[in-house]
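>>> fold the following and give me the result.
(chains A and B)
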Amino acid sequence: SQTIHQWPATLVQPVGSPLSLECTVEGTSNPNLYWYRQAAGRGLQLLFYSVGIGQISSEVPQNLSASRPQDRQFILSSKKLLLSDSGFYLCAWDGDRGYEQYFGPGTRLTVT
Amino acid sequence: AQTVTQSQPEMSVQEAETVTLSCTYDTSESDYYLFWYKQPPSRQMILVIRQEAYKQQNATENRFSVNFQKAAKSFSLKISDSQLGDAAMYFCAYYSGGGADGLTFGKGTHLIIQP
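Down below sits the predicted model:
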């Protein structure tokens, strides 16, 4: 069966520091992968989407970037964090049917 | 752009009773997909139920069922025999089928189960 992992689970970082969040999917090949952010008390916002290695689409301008170095690995990065980057980051893949998304456990990021 | 509206910020129901959560959406597409996700205190998003717009029959998954009204652009979730474990945030989501769009979420409904 397929499983999606995210780490770290929790992260506290100072303003201006770099960021690297990792997402990996097991049990499937060539999945479509997504990064979402959920700010406190708000719904989810799509950040990045990837259909394959090296292929990244960005939905909103921001100081975040994403990379897909391997088929089942999706990384969210920043060179310098802002206070507004705080939130809950969720990675998802689009499942075997291709139109429904399954989410990882998420990373809670606090920028201080 | 598509929008999803959940007009009930919070709902409360007695254990073993039935509750209905409301969702409306706006789209110009004819083919799309609708979902309800559950987010418990752990904050992981869990897929509860899906509805393909081309299907007239309402989806059902055990105690969870939907009332899909395509013309009215309405997609409500009914939870029967509510259990304490159903307490969570529930999000309605829309997907056009174009991967780059991702899911469009409503703002969520906080469901409280009274013992």
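>>> what segments of chain A are strands?
Applying DSSP state E to chain A gives strands spanning A:3-7, A:10-13, A:19-26, A:33-38, A:44-52, A:55-58, A:64-70, A:73-78, A:87-93, A:102-103, A:107-111.
>>> what is the burial count for residue 95?
Just so you know, I chose chain A. For A:Gly95, the count of nearby residues is 16 (other Cβ atoms under 10 Å in any protein chain shown). For the C-beta atoms, the positions are set from N, CA and C on the backbone; glycine is no exception.
>>> look at chain B instead
B:Tyr95 has 21 neighbouring residues, counting by other Cβ under 10 Å.
>>> again with B:Pro9
Neighbours around B:Pro9, by other Cβ under 10 Å: 10.
>>> need the helices for chain B, in chain order.
In chain B, no helices are found when defined by DSSP state H.
>>> let me see the contact set for B:Asn67.
B:Thr20, B:Asn58, B:Ser74, B:Phe75, B:Ser76, B:Lys78 (Cβ atoms under 8 Å, 6 or more residues apart in numbering or on different chains).
>>> ok, for the first one, nearest residue in space, not its chain neighbours?
Spatially, and ignoring its direct neighbours in sequence, B:Thr20 is nearest to B:Lys78 (4.9 Å; Cβ to Cβ, 6 or more residues apart in numbering or on different chains).
>>> wait, doesn't the one you found sit right on B:Phe64?
Yes. In this structure, B:Lys78 is within contact of B:Phe64 by Cβ atoms under 8 Å, at 7.2 Å.
>>> in chain A, which helix or strand is least confident?
In chain A, no helix or strand scores lower on mean pLDDT, DSSP states H and E than strand A:55-58, which sits at a mean of 90.
>>> tell me, how many residues neighbour residue 69?
No chain in the question, so chain A it is. A:Pro69 has 9 neighbouring residues, counting by other Cβ under 10 Å.
>>> actually, chain B is the one I wanted.
12.
>>> much appreciated, bye for now.
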